[in-house]
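1. Sequence first, then the predicted structure, then my questions.
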Amino acid sequence: MSKVFPKVLERVVQNLARLPGLGEKSATRLALFLLGQPKEETQELAHSLLELVEKVRLCKRCFNFAEGEWCRFCLDPERNKSQICIVEDPAALSAIEESKAYKGLYHVLHGLLSPRDGLGPREIKIEALLERLEREPVEEILIALSPTVAGEATAAYLVECLKPYSVKVTRIACGIPMGMDIRYADQLTLKRALEARQRL
Amino acid sequence: MRLVTKALVLNRFEVGESDLLVVLLSPKWGRFAVMAKGARRSKRRFVNALEPFTVFRAHIRGNRPGLIPFLDQIDPLEYWEPLRQDPYRFVLASYATELTEAFARPQVGGNLFPLLCGFFDLLCQGGPPDLLKPALEIKLLCLSGFAPELSRCVRCQRPRPLRGFSLEEGGGVCGYCLRESDTSISPQVLSLLKTLEKYPLSKLERICVPKDRLKIGSSLLENFLVRILGHDLKSLRIWKEIKGGEIGEQT
Ligand SMILES: [Zn+2]
Ligand SMILES: [Zn+2]
């Protein structure tokens, strides 16, 4: 730790350096930038951070970020309440929302099965999903998890948990990205793309 | 300098904004770490093969002492696809990977590569998890120099019938030397452990063991492993949870 800066500045550097992807060097650069810009702008950042931790919580129903008890999708009367799309985290939810191709509700797991990190079925929001199925008029569960090893294993586990329920379970397709030449696709992706082929 | 070797991923750590530090296991060099530059930004170069349960040919650059070499390119060779499609096998395979990483010391442990690959093969072919798991554990112990002494007493060194097992001393204890702190062990459990040590993984299907005996032998091995490693294994807890069927059902 450098002894050159005042303690207050050093504290900011240390706090910034704990953020993912930031080392002490970048943290120092950011702290000096914050100190150098107009006071109001840095105050605005500080206030927004305070509001973030005070106001943002998880939606009671779907565990998306919310400012009140419910998130904006759960409050929206236009959303199709018979569909639930399962996503890994709010960032994945936001990506799906941006596609504008889905109009149902969500359920955010907040993680994938990851035994090495100590994440099992209890640590992600699977039980809460099954409880929702008891109360809500759900007809379709759409699993939208990434086709990584952990994503696929989690999807397989969900499929098994959902077997006793009379809901249609679907999964987003997996295949060749738009604009990609299939000659460059790897064998696993090609295999999945062939398996998920569509009738035209 | 450029090197090429067959390898699989034991672990991955995010570094900075876009890099991955990848711990590999190869038949040539055992456990070693490489830096995959930009692996999190551009998926194309490493496609999906920098994930667990895939064997690939790794092209490695730079081997200056003290510096982590770079992973330049990988060519996927083999996927154990069923391990991603069955949550129970996925969790057990994750445990096997965590355990192998813990026992494979840097630059050695090339012989653990065929063991782990064989374990994955058998899991995919529907081999019995309850037998494969303790067999893998005891074989890992033996290959890493921690083979439990099962033929003579670890205290008096005499080949007397063994009545207990000492986790501290790593082996069986005879009736004369038995202490309260030892785990008592029946001749049947003892012979089960010897069988698991001796038989190749692929022959395990042929042996028939009562469930309770298997349970006792397994938990003895688990305790011994944790004792040697000096820390818990996260994936072991998840395996016990998911296998117990506390949530969902067991296949
Ligand atoms: Zn909600
Ligand atoms: Zn003795």
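-> Looks like it came in fine. Ligands and ions are numbered 1, 2, ... in the order given.

2. out of everything not next to it in sequence, what's closest to the residue in the stretch 1-150 of chain B positioned nearest to ligand 1?
-> Going by C-beta to the ion, ligand 1 is nearest to B:Pro87 of the stretch 1-150 of chain B, at 25.9 Å. Heads up, the C-betas are built off the backbone N, CA and C, glycines and all. Using C-beta to C-beta, 6 or more residues apart in numbering or on different chains and skipping residues adjacent in sequence, the residue nearest B:Pro87 is A:Tyr157, 3.7 Å away.

3. Can you get me a residue count around the residue of the stretch 1-150 of chain B closest to ligand 1?
-> Using other C-beta atoms under 10 Å in any protein chain shown, the number of residues around B:Pro87 comes to 26.

4. For it, report the pLDDT, please.
-> pLDDT recorded at B:Pro87 is 95.

5. Cross-check the contact I'm expecting between it and A:Gly151.
-> No - here B:Pro87 lies out of contact with A:Gly151, judged by C-beta atoms under 8 Å, at a distance of 11.6 Å.

6. what's stretch A:151-159 in contact with?
-> Residues outside stretch A:151-159 that contact it (C-beta atoms under 8 Å, 6 or more residues apart in numbering or on different chains) are A:86, A:88, A:109, A:112-113, A:121, A:124, A:126, A:129, A:141, A:143, A:145, A:169, A:171, B:83-87, B:90-91, B:248.

7. and the residues you listed, which are buried?
-> Buried members of the contacts of stretch A:151-159, counted by 16 or more other C-beta atoms under 10 Å in any protein chain shown: A:86, A:88, A:109, A:112-113, A:121, A:124, A:126, A:129, A:141, A:143, A:145, A:169, A:171, B:83-84, B:86-87, B:90-91, B:248.

8. Tell me which residues of the host helix or strand of B:Glu98 come out buried.
-> For B:Glu98, the host element (DSSP states H and E) is helix B:87-103. By neighbour count on 16+ other C-beta under 10 Å, the buried set for helix B:87-103 is B:87-103.

9. Check stretch B:10-19 too.
-> For stretch B:10-19, a neighbour-count test (16+ other C-beta under 10 Å) marks B:Leu10, B:Asn11, B:Arg12, B:Val15, B:Asp19 as buried.

10. Hmm, B:Val22 and the fourth one touching each other?
-> To tie it back to what came earlier, the one meant is B:Val15. No - look at B:Val15 against B:Val22 with C-beta under 8 Å: they stay out of range, at 9.9 Å.

11. report the longest helix in the chain, please.
-> With no chain named, the answer covers chain A. Counting by DSSP state H, the longest helix found in chain A is helix A:39-55.

12. let's do chain B instead
-> Max-length helix for chain B by DSSP H is helix B:211-229.

13. Lowest mean pLDDT among the helices and strands of chain A, which one is it?
-> helix A:187-195 (a mean of 88; mean pLDDT, DSSP states H and E).

14. thinking again about what came up before, would you mind writing the CA trace of the longest helix of chain A as CSV?
-> Only the C-alpha atoms of helix A:39-55 are listed here, as CSV (Å, rounded to 0.1, in the frame of the first residue of the first chain):
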residue,chain,number,x,y,z
LYS,A,39,-17.5,17.5,-7.5
GLU,A,40,-21.2,17.1,-8.5
GLU,A,41,-20.4,14.2,-10.8
THR,A,42,-18.6,12.2,-8.2
GLN,A,43,-21.3,13.0,-5.7
GLU,A,44,-23.9,11.8,-8.1
LEU,A,45,-22.0,8.5,-8.5
ALA,A,46,-21.8,8.1,-4.7
HIS,A,47,-25.5,8.8,-4.2
SER,A,48,-26.4,6.4,-7.0
LEU,A,49,-24.4,3.7,-5.3
LEU,A,50,-26.1,4.4,-2.0
GLU,A,51,-29.5,4.2,-3.6
LEU,A,52,-28.5,1.0,-5.4
VAL,A,53,-27.8,-0.9,-2.1
GLU,A,54,-30.8,0.7,-0.4
LYS,A,55,-33.5,0.3,-3.0
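
15. Show me what it is packed against.
-> The contact analysis (3 or more C-beta pairs under 8 Å, 6 or more residues apart in numbering or on different chains; DSSP states H and E) places helix A:39-55 against helix A:24-36.

16. Now do the helix or strand where B:Leu3 lies, average pLDDT.
-> B:Leu3 belongs to strand B:2-15 when assigned by DSSP H and E. On average, the pLDDT along strand B:2-15 is 91.

17. Would you mind measuring the gap between the ends of stretch A:108-122?
-> This stretch, stretch A:108-122, spans 14 Å end to end (C-alpha to C-alpha, to the nearest Å).

18. picking that back up, mutual contacts of B:Val15 and B:Val22, please.
-> Common neighbours of B:Val15 and B:Val22 are listed as B:Met35 (criterion: C-beta under 8 Å, 6+ apart).

19. Sketch out the helices for chain A, chain order is fine.
-> For chain A, the helices defined by DSSP H occupy A:7-17, A:24-36, A:39-55, A:72-75, A:90-98, A:126-135, A:149-162, A:187-195.
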